[in-house]
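Student: Let's see this in three dimensions:
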Amino acid sequence: MALEVIVLAAGMGKRMHSSLPKVLHQVAAQPMLFHVIKTAARLNPQAIHVVLGHGGEQVEAALQGLDPKVLALVTTCTQAEQLGTAHAVAQALPQVESDSKVLVLYGDTPLTPQVELERLLAALDDGAALSLLTAELTNPSGYGRIVRTAEGALVGIVEDKDATAEQKAIHEINTGMIATTGALLKEFLPQIGNNNAQGEYYLTDLAGLLVQAQHPVVGITAAPEHIDLLSGVNNKLQLAQVERLYQEQVAAQLLMDGLTLADPKRFDLRGELTFGQDCFIDINVIIEGKVTLGRNVVIGAGCVLKDVSIGDNSIISPYTIMERSELKVHTTVGPFARLRPGNVLEDEVHIGNFVEVKNSHIEYGTKAGHLTYLGDSDIGRNTNIGAGTITCNYDGANKHRTTIGQDVFVGSDTQLVAPVTVEDGATIGAGTTVTRTVKAKSLVVTRAPLRAIADYERPTKKKKA
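Tutor: Modelled structure (predicted):
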């Protein structure tokens with residue numbers, strides 16, 4: 001049987017106190033809904049049906065940010081009125097084939113373990129008409145309870161608000177995730193009523209209806225180590241807790257794969273990280289997008305790396321920010337440096353503290369030690385860029401490039417007004433403003449004559465009357 005997945009994503013999320021639909025709040029810099037859809041996609045379904053509601057247009061627009069291969073699996077439908085989970089699932093049924101297996105997931109439960117969903121689907125293969133994921137909680141308050149016979153057979157699910165005192169003492173709860181077939185959903189969902197404390201159509205009533213019709217219903221108890229990962233998000237506190245759970249899980253896997261983290265509790269991965277042997281990442285580093293580290297790479301405290309590649313034996317000193325740049329081997333950057341998008345730093349380039357580089361190609365061995373801006377530049381090998389150097393690349397309307405050759409010495413406090421070229425071996429004296437081509441091996445200096453005024457008296461403040 002083919003697999004289809006229904007993801008419920010219609011809720012408003014009033015307790016989030018936000019204009020953003022609940023499922024679009026982010027964990028690891030991605031909407032919670034994306035995490036659920038990606039997990040579903042790894043199960044190889046033929047379709048993923050997302051039920052939209054509050055903020056549906058925003059959610060539909062956000063879905064375009066999914067990987068195209070995953071997005072190709074996604075269809076959407078709308079729950080115009082939020083009348084309960086059974087009503088939400090019913091909105092997707094016209095798109096579901098009767099002979100499919102159907103897995104129902106929730107867009108606000110981003111850390112749902114794939115292995116637990118595989119267990120639900122395996123139960124269908126073993127003859128269950130419905131399998132549902134349960135968990136044992138010390139404090140089950142607020143959750144639907146799993147009701148069983150004395151022999152342990154599942155009878156049904158009762159919601160917390162509808163439960164008797166005896167039922168509230170049950171510690172086995174319903175996570176909400178189920179697996180069944182399209183045919184059974186189409187047959188039994190119309191039989192679910194709304195005679196309950198909420199006046200809603202509960203998907204949880206499906207279990208009891210199937211039991212009454214003598215269809216086998218199986219409760220699959222989640223592994224204890226997965227219980228926290230099955231937590232749904234209803235407020236900002238829970239969102240922060242889920243974020244930490246995600247980061248701890250990711251850090252643990254990175255450590256097992258050989259990455260050295262100074263403190264896994266102070267590390268955030270908001271994308272994809274690949275790395276070679278003997279890499280070290282200090283505290284409070286944020287990884288975004290796709291980041292690749294070679295061998296023996298050191299990332300100092302407080303760095304932010306987004307969509308960068310860093311070659312072997314490179315050192316990124318603390319509080320450096322990098323985006324969409326490529327660094328070759330033996331590069332050193334920072335501390336307090338910024339690489340804006342579009343840079344290529346060749347082997348053994350040094351970018352020092354308070355240096356900003358944008359859309360520049362810097363060749364082997366070149367150094368810019370401190371307090372410098374290099375924008376839209378091509379700089380040759382073994383060139384020295386002095387402190388306070390600025391490439392003046394913007395004329396108020398257009399950007400222009402600066403070309404600096406190899407073995408050039410650029411003195412401190414130099415302004416290079418682009419478009420301009422400095423040829424190989426040239427020397428630029430400190431304090432010079434360069435507005436035209438500097439010939440190879442020449443020295444250029446522009447300095448105003450020194451004036452000395454004897455017996456100069458500084459201004460003083462007038463005394464108040």
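
Student: quick one: buried residues of the helix of greatest length in the chain?
Tutor: Identified as the longest helix of the chain according to DSSP state H is helix 236-256. Residues of helix 236-256 classed as buried under the neighbour-count rule (16 or more other CB atoms under 10 Å) are 239, 242-243, 245-247, 250-251, 254. For glycine as for every other residue, the C-beta is placed from the backbone atoms N, C-alpha and C.

Student: and what of stretch 66-79?
Tutor: Residues of stretch 66-79 classed as buried under the neighbour-count rule (16+ other CB under 10 Å) are 66, 70, 73-74, 76-77, 79.

Student: neighbours of N139, just the number please.
Tutor: N139 is surrounded by 8 other residues when neighbours are defined as other CB atoms under 10 Å.

Student: Over to it. Which of the three states is it?
Tutor: Assigned with DSSP: H, G, I helix; E, B strand; the rest coil, N139 falls in the coil class.

Student: Let me know the closest of the buried residues of stretch 66-79 to D407.
Tutor: The shortest separation between D407 and any of these is 49.5 Å, and it belongs to L66 (by CB to CB).

Student: In contact with V297, which residues?
Tutor: For V297, the set of contacting residues under the criterion of CB atoms under 8 Å, 6 or more residues apart in numbering consists of 275-276, 279-280, 310-316.

Student: From the chain's centroid, how far away is the longest helix of the chain?
Tutor: Helix 236-256 has its average C-alpha position 12 Å from the chain's average C-alpha position, going by CA atoms, centre = their mean, to the nearest Å.

Student: Give me the mean pLDDT for whatever helix or strand comes next after that helix.
Tutor: Per DSSP states H and E, helix 236-256 leads on to strand 260-261 as the next helix or strand towards the C-terminus. On average, the pLDDT along strand 260-261 is 98.

Student: Between which two of the buried residues of stretch 66-79 is the distance greatest?
Tutor: Set against one another by CB to CB, the buried residues of stretch 66-79 have their most distant pair in V70 and Q79, with a gap of 22.2 Å.

Student: returning to what we had before: which helices and strands does the longest helix of the chain pack with?
Tutor: Contact here means 3 or more CB pairs under 8 Å, 6 or more residues apart in numbering; DSSP states H and E; on that basis helix 236-256 packs against strand 26-27, strand 260-261, strand 267-275.

Student: Can I get these in JSON lines including distance to E97 and mean neighbour count?
Tutor: Conversion of those to JSON lines gives the following (distance: least, CB to CB, whole Å; neighbours: other CB atoms under 10 Å):
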{"stretch": "strand 26-27", "distance to E97": "32", "mean neighbour count": "18"}
{"stretch": "strand 260-261", "distance to E97": "46", "mean neighbour count": "16"}
{"stretch": "strand 267-275", "distance to E97": "34", "mean neighbour count": "18"}
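
Student: can you tell me which of these comes nearest to L33?
Tutor: Across the helices and strands packed on helix 236-256, L33 has its closest neighbour in strand 26-27 (10.0 Å, CB to CB).

Student: Name every strand pairing with that closest one and say which way it goes.
Tutor: Using DSSP bridges, the neighbouring strands of strand 26-27 in the sheet come out as strand 30-31 (antiparallel).

Student: Run through who's touching the partner strand.
Tutor: 23-25, 62, 270.

Student: how about those in a markdown table, adding pLDDT?
Tutor: Formatted as a markdown table, the contacts of strand 30-31 follow (pLDDT from 0 to 100):
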| residue | pLDDT |
| --- | --- |
| V23 | 97 |
| L24 | 97 |
| H25 | 97 |
| A62 | 97 |
| R270 | 97 |
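
Student: and of the residues you listed, the nearest to R381?
Tutor: Taking CB to CB as the measure, R381 lies nearest R270 of the contacts of strand 30-31, at 35.7 Å.

Student: who touches the closest residue to the closest one other than its chain neighbours in this structure?
Tutor: Spatial nearest neighbour of R270, excluding adjacent residues (CB to CB, 6 or more residues apart in numbering): A29 at 3.5 Å. Shown here is A29, whose contacts under the criterion CB under 8 Å, 6+ apart are 270-271, 288.

Student: Then P264?
Tutor: Going by CB under 8 Å, 6+ apart, P264 touches 248, 251-252, 254-255.

Student: Recalculate using a threshold of 6 Å.
Tutor: P264 makes contact with A251 under the criterion CB atoms under 6 Å, 6 or more residues apart in numbering.

Student: Please apply the same query to Q191.
Tutor: Contacts for Q191 were tallied using CB under 6 Å, 6+ apart; they are L209.

Student: And it, its phi and psi?
Tutor: As for Q191, its main-chain torsions (degrees, to the nearest 10) stand at phi -90, psi -10.

Student: Per-residue pLDDT of it, please?
Tutor: The confidence metric pLDDT takes the value 96 at Q191.

Student: go on, the one 3 residues further on?
Tutor: According to the prediction, N194 has pLDDT 91.

Student: How is it assigned, secondary-structure-wise?
Tutor: Remark: N194 carries the secondary structure label coil [criterion: three-state DSSP].

Student: And it, its phi and psi?
Tutor: Backbone torsions for N194, taken as degrees, to the nearest 10, come to phi -120, psi 30.

Student: Stretch 163-180: end-to-end distance?
Tutor: 25 Å (CA to CA, to the nearest Å).

Student: I meant stretch 215-227, not that one.
Tutor: Start to finish, the residues bounding stretch 215-227 are 28 Å apart (CA to CA).

Student: now stretch 381-392
Tutor: From the first residue to the last, stretch 381-392 extends over 21 Å; the measure is CA to CA.

Student: hang on, the earlier thing: would you format the helices and strands packed on helix 236-256 as TSV with distance to T320 included?
Tutor: Compiled in TSV, the helices and strands packed on helix 236-256 are given as follows (distance: least, CB to CB, whole Å):
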stretch	distance to T320
strand 26-27	24
strand 260-261	18
strand 267-275	16
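
Student: what sits up against stretch 346-353?
Tutor: 328-333, 335-337, 362-370.

Student: show me where the stretch 151-300 of the chain has helices.
Tutor: In the stretch 151-300 of the chain, the segments counted as helices under DSSP state H, counting those that start in this stretch are 165-168, 182-188, 205-212, 236-256.

Student: of those helices, which approaches I48 most closely?
Tutor: helix 182-188 (14.2 Å).

Student: Can you spell out which helices and strands pack onto the closest one?
Tutor: In terms of contacts (3 or more CB pairs under 6 Å, 6 or more residues apart in numbering; DSSP states H and E), helix 182-188 is not packed against any helix or strand.

Student: roughly how far out does that helix sit from the chain middle?
Tutor: A distance of 37 Å separates the centroid of the chain from that of helix 182-188, by CA atoms, centre = their mean.

Student: Just the buried residues of that helix, please?
Tutor: By neighbour count with 16+ other CB under 10 Å, helix 182-188 contains the buried residues 182, 184-186, 188.
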